[in-house]
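Asks: generate a structure from the sequence data that follows.
(2 chains)
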Protein chains: 2
Amino acid sequence: MKAARPATAQTLTDLGEDRLVARLTHGLALDRDVLHGPGDDCAVVGQPRDKYWQLLKTDMLVEGIHFLAGEDPRRIGWKALCRAISDIAAMGGIPRHALITLAAPSSTPVARIVAVYTGLEKAARQFGVSIVGGETSRSPGPLFLSVALTGRVERNCCVLRSGGQAGDALYVTGRLGGSLAGKHLDFSPRLAEARWLVTHFKPRAMMDLSDGLASDLPRLAAASGCGYEILHEQLPLNPGSTAEQALSDGEDYELLLAVGPKKATALERAWKRKFPRLLLTRIGQLTARPKTRARKIPRGYDHFA
Amino acid sequence: MKAARPATAQTLTDLGEDRLVARLTHGLALDRDVLHGPGDDCAVVGQPRDKYWQLLKTDMLVEGIHFLAGEDPRRIGWKALCRAISDIAAMGGIPRHALITLAAPSSTPVARIVAVYTGLEKAARQFGVSIVGGETSRSPGPLFLSVALTGRVERNCCVLRSGGQAGDALYVTGRLGGSLAGKHLDFSPRLAEARWLVTHFKPRAMMDLSDGLASDLPRLAAASGCGYEILHEQLPLNPGSTAEQALSDGEDYELLLAVGPKKATALERAWKRKFPRLLLTRIGQLTARPKTRARKIPRGYDHFA
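Replies: Numbers count the residues shown, from 1 in each chain, chains lettered A, B, ... in the order given. Down below sits the predicted model:
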């Protein structure tokens, strides 16, 4: 396991993120109170008949990967917490308690770290999160910022990726593509929208779009045992983005949801009344089994590619 | 907040770890269900009269800081989870659900990451923890491994750092010093011992020794509004360690506890019967107010020093 290793050893790049995660989480021993372990936006723990279940999520930002060294540290803090809030929202839950892990070189100006916390606190206040603790450490390299977040969801409101059925209408909130122009640092997690959805038109499956529709939709479809069809011409594009960018840029942090077809019309009407300034776009449907896609779509973001 | 900054800007090294944490956590908005926020081994959340409270902890290991690049990855995984378990134990709690955050260069052999997980899983099985999720990311620098861990503690068993009183006897478990010889990667968190203590001789204050007695005891005493006296000649030393090393090497992961003086004799007797192979040593007492220490002791570990 130590230094000496054949030059042909498989690296993380060779394996890719999804297969690495599958390999690491395969066969983990889980207690009976783990209702859903690795594989969804959050883990779900509790007893099956509890009124509330707990959601658990961790998410990290690495300097040079998720943001550039010169970036405004307040935006980094905002993004770090909002990414985790987006995952809690995508399960139908309410975020509650956050722990912050931060590693930075000793030479880092205190003001930079304080500003990261300013961004974290702004997001915490806006979305009702309490930052209850964390850890700081020296880093010999880049700045690392990791957020662990708990959430709570009524048992009846919890939405997984795996509940979709063939024929379900697929929707996305907002517009996709072009996040790197700045939106990836300033986005608002769709917490209010997700809570409204799970209490009024409970989706059968839902997730947040972090790696791009082209990576995330196949994950939702596979978890649901379905295929999918996308209406490419329907994709809601951010100004200046192409359909390809909307599919694969990633970091949209919009919701992707599957809704029973009978609910579709009522949902669209009610959404327009409730959220008149935010698009909800029907982009396709889940199918009975993996079909050949109408058009080959590029893959979304892979952390090790 | 961006690039341009006066050359005299205060850095993390100037400020030091404790003052940085105090500054970052000062004035955080906390919900009413946060019973104890930053400042103890874990955060405590719940309602005051709940039978059980939840404990939340995050802890990280950084390559080049907490372990060397050539280290056996299984030991790194073991250490990462056991450090967090040690903090749950120090509150009197039982660890439950862990989330793992891992960042590594793309060129890292898959086998190395799998071996980190082998160590994590070994610790999880041994101490009854479920690894319920996590995240992997690319790192442009060293390997980073962060563990977020939840725990549960009966309200009546929860022990903080702040409950100590003048006259309380101070104890440590095991032996101190010399952790760098290897023990820091192989230690066993004192989970069974802490659970026995809180259910039989509930300490007034307790914490785990991660930065060395010379750093950690002043923290416990200050949290309790007390001073302290140490009997230096009583310190239980690991073979080959000096008293100075026992005070300041850090990474002992033993328990430090304050017990009402009337319980002391009964505790010592009962401990010997229950844990005949592990020392419990009376090393001094809490005092009414900060006294001049009998001997100047070197400081323990500071992450930014």
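
Asks: give me the phi and psi angles of A:Ala43.
Replies: Backbone torsions of A:Ala43, given as degrees, to the nearest 10, read phi -80, psi 150.

Asks: likewise for A:Asp186?
Replies: Backbone torsions for A:Asp186, taken as degrees, to the nearest 10, come to phi -130, psi 10.

Asks: report how many residues lie close to it.
Replies: A:Asp186: 11 surrounding residues under other Cβ atoms under 10 Å in any protein chain shown. C-beta: built from backbone N, CA, C; applies to glycine.

Asks: what do you get for A:Pro276?
Replies: Counted with other Cβ under 10 Å, the neighbours of A:Pro276 add up to 7.

Asks: where does it land on pLDDT?
Replies: pLDDT, A:Pro276: 98.

Asks: centroid-nearest residue for chain A?
Replies: When Cα atoms, centre = their mean is applied to chain A, the residue found nearest the centroid is A:Asp208 (4.1 Å).

Asks: quick one, what contacts it?
Replies: For A:Asp208, the contact set (Cβ atoms under 8 Å, 6 or more residues apart in numbering or on different chains) comprises A:41, A:86-87, A:89-90, A:189-190, A:253-256.

Asks: cool, A:Ala205 as well?
Replies: A:159-164, A:168, A:220, A:223-224, A:257-258.

Asks: want to throw these into TSV with neighbour count?
Replies: TSV is the format used below for the contacts of A:Ala205 (neighbours: other Cβ atoms under 10 Å in any protein chain shown):
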residue	neighbour count
A:Val159	25
A:Leu160	24
A:Arg161	24
A:Ser162	16
A:Gly163	17
A:Gly164	26
A:Asp168	26
A:Leu220	26
A:Ala223	17
A:Ser224	21
A:Leu257	28
A:Ala258	29
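
Asks: which among the residues you listed gets closest to A:Thr265?
Replies: When these are compared for distance to A:Thr265 (Cβ to Cβ), A:Asp168 wins out at 14.0 Å.

Asks: can I assume the closest one is in contact with A:Ala288?
Replies: No - at 11.0 Å, A:Asp168 does not count as touching A:Ala288 under the criterion of Cβ atoms under 8 Å.

Asks: shared neighbours, the two?
Replies: Each of A:Cys226 lies in contact with both A:Asp168 and A:Ala288 under the rule Cβ under 8 Å, 6+ apart.

Asks: which SS class is the residue in the stretch 51-200 of chain A that chain B sits nearest to?
Replies: Going by Cβ to the nearest Cβ, chain B is nearest to A:Gly141 of the stretch 51-200 of chain A, at 2.3 Å. Following DSSP: H, G, I helix; E, B strand; the rest coil, we place A:Gly141 in the coil state.

Asks: tell me who's in contact with the closest residue to it other than its chain neighbours.
Replies: Closest residue in space to A:Gly141, ignoring its immediate chain neighbours: B:Gly141 at 2.3 Å, by Cβ to Cβ, 6 or more residues apart in numbering or on different chains. Residues near B:Gly141 by Cβ under 8 Å, 6+ apart: A:139-142, B:105.

Asks: and the pLDDT for B:Gly141?
Replies: For B:Gly141, pLDDT reads 88.

Asks: one more: A:Arg289?
Replies: 75.

Asks: repeat that for the one 10 residues further on.
Replies: The score at A:Arg299 is 64. That number is its pLDDT.

Asks: then A:His232?
Replies: 90.

Asks: report how many residues lie close to the residue nearest to it when sequence neighbours are not counted.
Replies: Leaving aside its sequence neighbours, A:His232 sits nearest to A:Ala243 (Cβ to Cβ, 6+ apart; 5.4 Å). Number of residues near A:Ala243 (other Cβ under 10 Å) recorded here: 18.

Asks: A:Ala148 against A:Thr58, yeah?
Replies: Yes - if you go by Cβ under 8 Å, A:Ala148 and A:Thr58 touch, sitting 4.5 Å apart.

Asks: A:Leu231 and A:Gly212, how far apart?
Replies: Noted for A:Leu231: a distance of 17 Å to A:Gly212, by Cβ to Cβ, to the nearest Å.

Asks: between those two, who's got more neighbours?
Replies: Between A:Leu231 and A:Gly212, A:Gly212 has the larger neighbour count (other Cβ under 10 Å), namely 26 against 13.

Asks: can you give me the helices in chain A?
Replies: Ranges of helices within chain A are A:12-15, A:17-25, A:73-90, A:110-127, A:183-186, A:191-200, A:213-223, A:243-248, A:264-274, based on DSSP state H.

Asks: the third one close to chain B?
Replies: Yes - contact of helix A:73-90 with chain B (Cβ under 8 Å from any Cβ of the partner chain) involves A:73-74.

Asks: return the residues in contact with A:Leu143.
Replies: By Cβ under 8 Å, 6+ apart, A:Leu143 lies in contact with A:62-63, A:69, A:76, A:102-105, A:108.

Asks: from those residues, which has minimum pLDDT?
Replies: Scoring the contacts of A:Leu143 by pLDDT puts A:Ala69 last, at 88.

Asks: any low-confidence regions in the stretch 1-150 of chain A?
Replies: A:1-8 (pLDDT under 70).

Asks: change it to 50
Replies: The stretch 1-150 of chain A contains residues with pLDDT under 50 at A:1-7.

Asks: CA atoms only: put stretch A:275-286 into PDB for me.
Replies: Extracted C-alpha coordinates of stretch A:275-286, given in PDB (Å, rounded to 0.1, in the frame of the first residue of the first chain):
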ATOM      1  CA  PHE A 275     -43.100  31.600  -8.500                       C
ATOM      2  CA  PRO A 276     -43.900  34.000 -11.400                       C
ATOM      3  CA  ARG A 277     -40.300  35.000 -11.700                       C
ATOM      4  CA  LEU A 278     -38.700  31.600 -11.900                       C
ATOM      5  CA  LEU A 279     -39.100  29.200 -14.800                       C
ATOM      6  CA  LEU A 280     -40.300  25.600 -14.400                       C
ATOM      7  CA  THR A 281     -39.700  23.900 -17.700                       C
ATOM      8  CA  ARG A 282     -40.800  20.500 -18.800                       C
ATOM      9  CA  ILE A 283     -37.700  19.100 -20.500                       C
ATOM     10  CA  GLY A 284     -38.700  15.500 -21.300                       C
ATOM     11  CA  GLN A 285     -39.900  12.300 -19.600                       C
ATOM     12  CA  LEU A 286     -38.700   9.100 -17.900                       C
END
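
Asks: can you give me the strands in the stretch 151-300 of chain A?
Replies: A:169-173, A:205-208, A:227-230, A:255-259, A:280-287 (DSSP state E, counting those that start in this stretch).

Asks: and A:Asn156, how many neighbours?
Replies: For A:Asn156, using other Cβ under 10 Å, the count is 10.

Asks: quick one: it from A:Ala258, how far?
Replies: For A:Asn156 relative to A:Ala258 (Cβ to Cβ), the value is 18 Å.

Asks: equivalent analysis for A:Asp33, please.
Replies: Counting by Cβ to Cβ, the separation of A:Asp33 from A:Ala258 is 27 Å.

Asks: let me see the contact set for the closest residue to A:Val21 other than its chain neighbours.
Replies: In space, and not counting its chain neighbours, A:Val21 is closest to B:Thr136: 6.1 Å by Cβ to Cβ, 6+ apart. Counting by Cβ under 8 Å, 6+ apart, B:Thr136 touches A:12, A:17, A:20-21, A:24, A:303-304, B:102-104, B:113.

Asks: at 7 Å instead, please
Replies: A:17, A:20-21, A:303, B:102 (Cβ atoms under 7 Å, 6 or more residues apart in numbering or on different chains).

Asks: can I have the buried ones of those as a ChimeraX selection?
Replies: Selecting only the buried entries of the contacts of B:Thr136 in ChimeraX, with 16 or more other Cβ atoms under 10 Å in any protein chain shown as the criterion:
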select /A:17,20,21,303 /B:102
